[in-house]
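> have a look at this prediction, sequence included:
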Amino acid sequence: MNHARVQEIPVQRSSVTVINQPVGWNDVATQPRTKKLKVASYCRVSSEEELQLGSLENQIIHYTNYIRSNPDWYYAGVYSDKGKSGTDMSKRIGFNRMIRNAMNGEIDLIICKSISRFARNVVDTMDIVRQLTEKGIFVIFEKERLNTKDMTSSLLIKILATFAEEESRATSENIDWAYTKRFERGEVVAGQLFGYEVNKDKEWIIVEKEAEIIREAYDLFVNGYNMTEIARHFIRRGYKKRSGEIDWDNNNIRSMLTNERYAGDVLSRKTCTLDFRTHKTVINRGHKPQYYIEDHHEGIVSKEDYEKVQEILEDNKTEFNRGDYEKTPFTSRVICASCGKNFHRFGKNLEKTMWRCSSNKKSELLCEADPIEEDQIEKLLKEGFEKRYNINQRTNDGLLIKQLTKELSNAEAVREREQNLLRVELEKCLIAENKAILQNLDTEDLKEKRQEIENQIAIKSKLWEDFDKDYEFREASLNRLKELKGSDKAINKILDISFMRAWVIHIKVESPFLFTIKWIDGKETAVGKFRGGYHDGRK
């Protein structure tokens, strides 16, 4: 066990002077305006706040009402991110979309609850505020009562942004310190572990039904089965994971065979976070102290069996190079109609590049979907695109280019209008339902209508999220369309996967010969022919 010696260093308390709010912090313009201000708001909730029922939706409704209630303002939308870190800007899709729209002249004023909600990185905060200010766009931070149009606010924002970043750093360090202390005392930080339950006294109790599966995995491995074979054996036997599913794979089996906790010991801090800004977790290869506790609890397998498995793994250890992960235009967007899982790309170095259902890769018992050729995806996508826009020999390329350009240029506005309309409908339902409750009226029909709209929003949210991620594809295709202006019969030259991808939300694979394409406007196109796919009664 690694006995780290820790010296407690007294915390230096900073002296903080309260600065009176600037006069006119909530003024929204430096000069009188003749037209309404285009006002938007940004909301962000952390992973912990997500647990609070409706936390984000309540914020969205609040700011929607707040902006619409001002007769001098034009509602320019409420942008949001859920469970995203304020220190990592790249993952905040809603925030980045808002800044992009602001820079395009669609927003004059942004309202944000606090600087820490806006960003916890000083450089990012000041850089974004500067870019917006240069365009005549201002930000109001409600908690700090600051408006970036006020030049005296600049220093305050920098100071407060520094505090926000330091708060994030301190929080990260405090959490790390707390974990270290717990590890040194021999405490174990444990989540759900297949084969065990932890009672209120923090005692590890073996779940015998699950323990039998673990012992069988060790026994099979010692007797020559590899991990993939064990996973498929478990699927055939119908063994359930904690999730209730039976989709075992070699990663599940490897985790089971290499976890010292199944032998009664515990190794703490296997992973660690090196940078509080990115929150990226890495394998702890000596970055921070680790702590090994022997005989912490009753093992499911003996230490002898565990060590025997580790020896076999070491003897069979080979240098396996997975190669660089290559993200393609359709990564995570080709979906199996049979089981709902994603198709994954493989065989790029072979004669033909193929895509295969991730469930089928584990076992045909989970899904019967056949692999499909990448060329087939491109062929049927092109067929669907031509079908959608009625492209043929008589097509006027100039008119088509105008239509495609207009559609892509307006796509974000159409998506936001759809989202805003549903939010307004939800807001109306909530008001009507609350009014009925106050008047002691029956709310069953109102509740049903409200739940119906909430379900629509939940379904649409995934499509909106996928749409927002595709901004770069739309921009690239718009640029290619601009290059075609004036060209004759040039549209067919750019109808490749990368270009058409801008219009696609996902492709549902019904069979290797039949796809359903969902477009950015929510419409669907069936392409190909049914030739005995996954739903033809095969066993």
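Good, I have the coordinates. Numbering: from 1, shown residues only.
> please enumerate the helices of the stretch 301-450 of the chain.
Using DSSP state H, counting those that start in this stretch, the helices of the stretch 301-450 of the chain run over residues 303-315, 358-362, 374-389, 397-438, 444-469.
> list the buried residues for the third one?
I take that to be helix 374-389. In terms of neighbour count (16 or more other C-beta atoms under 10 Å), helix 374-389 has its buried residues at 374, 376-377, 380-382, 384-386, 388. (Glycine included, C-beta is placed from N, CA and C.)
> distance to residue 62 and mean pLDDT added to the helices of the stretch 301-450 of the chain, as JSON lines?
Shown next, in JSON lines, are the helices of the stretch 301-450 of the chain (distance: least, C-beta to C-beta, whole Å; pLDDT from 0 to 100):
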{"stretch": "helix 303-315", "distance to residue 62": "55", "mean pLDDT": "91"}
{"stretch": "helix 358-362", "distance to residue 62": "40", "mean pLDDT": "90"}
{"stretch": "helix 374-389", "distance to residue 62": "40", "mean pLDDT": "92"}
{"stretch": "helix 397-438", "distance to residue 62": "10", "mean pLDDT": "87"}
{"stretch": "helix 444-469", "distance to residue 62": "16", "mean pLDDT": "89"}
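> closest one to residue 291 among those?
In terms of C-beta to C-beta, the element of those nearest to residue 291 is helix 303-315, at 18.5 Å.
> need the contact partners of the closest one.
218, 221-222, 257-258, 260, 262-265, 299 (C-beta atoms under 8 Å, 6 or more residues apart in numbering).
> ok, and the most crowded of those?
In terms of neighbours by other C-beta atoms under 10 Å, the contacts of helix 303-315 top out with residue 262 at 25 neighbours.
> distance-wise, check that residue relative to residue 385.
Distance of residue 262 to residue 385, given as C-beta to C-beta, to the nearest Å: 52 Å.
> same check, this time on residue 190
Distance from residue 190 to residue 385, by C-beta to C-beta: 51 Å.
> next: residue 207.
Distance, residue 207 to residue 385, by C-beta to C-beta: 52 Å.
> rewinding a little: reformat the contacts of helix 303-315 as TSV; add secondary structure, distance to residue 358 and pLDDT.
TSV is the format used below for the contacts of helix 303-315 (DSSP: H, G, I helix; E, B strand; the rest coil; distance: C-beta to C-beta, whole Å; pLDDT from 0 to 100):
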residue	secondary structure	distance to residue 358	pLDDT
218	helix	26	96
221	helix	23	94
222	helix	29	93
257	helix	22	95
258	helix	22	93
260	helix	29	92
262	helix	26	94
263	helix	31	93
264	coil	34	92
265	coil	33	91
299	coil	33	93
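> make JSON lines out of those residues and add distance to residue 74.
Shown next, in JSON lines, are those (distance: C-beta to C-beta, whole Å):
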{"residue": "218", "distance to residue 74": "66"}
{"residue": "221", "distance to residue 74": "65"}
{"residue": "222", "distance to residue 74": "70"}
{"residue": "257", "distance to residue 74": "61"}
{"residue": "258", "distance to residue 74": "59"}
{"residue": "260", "distance to residue 74": "61"}
{"residue": "262", "distance to residue 74": "61"}
{"residue": "263", "distance to residue 74": "65"}
{"residue": "264", "distance to residue 74": "65"}
{"residue": "265", "distance to residue 74": "63"}
{"residue": "299", "distance to residue 74": "66"}
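> tell me the one of those nearest residue 92?
Taking those together and measuring to residue 92 by C-beta to C-beta, the closest member is residue 258, at 35.4 Å.
> residue contacts, the closest one?
Counting by C-beta under 8 Å, 6+ apart, residue 258 touches 310, 313.
> still on that earlier bit, which one of the buried residues of helix 374-389 sits closest to residue 134?
Of the buried residues of helix 374-389, the one sitting nearest to residue 134 (C-beta to C-beta) turns out to be residue 385, at 39.8 Å.
> you'd agree the closest one is up against residue 503?
Yes - Residue 385 lies in contact with residue 503 (C-beta atoms under 8 Å); the separation is 7.1 Å.
> find the nearest non-adjacent residue to residue 80, please.
residue 43 (4.4 Å; C-beta to C-beta, 6 or more residues apart in numbering).
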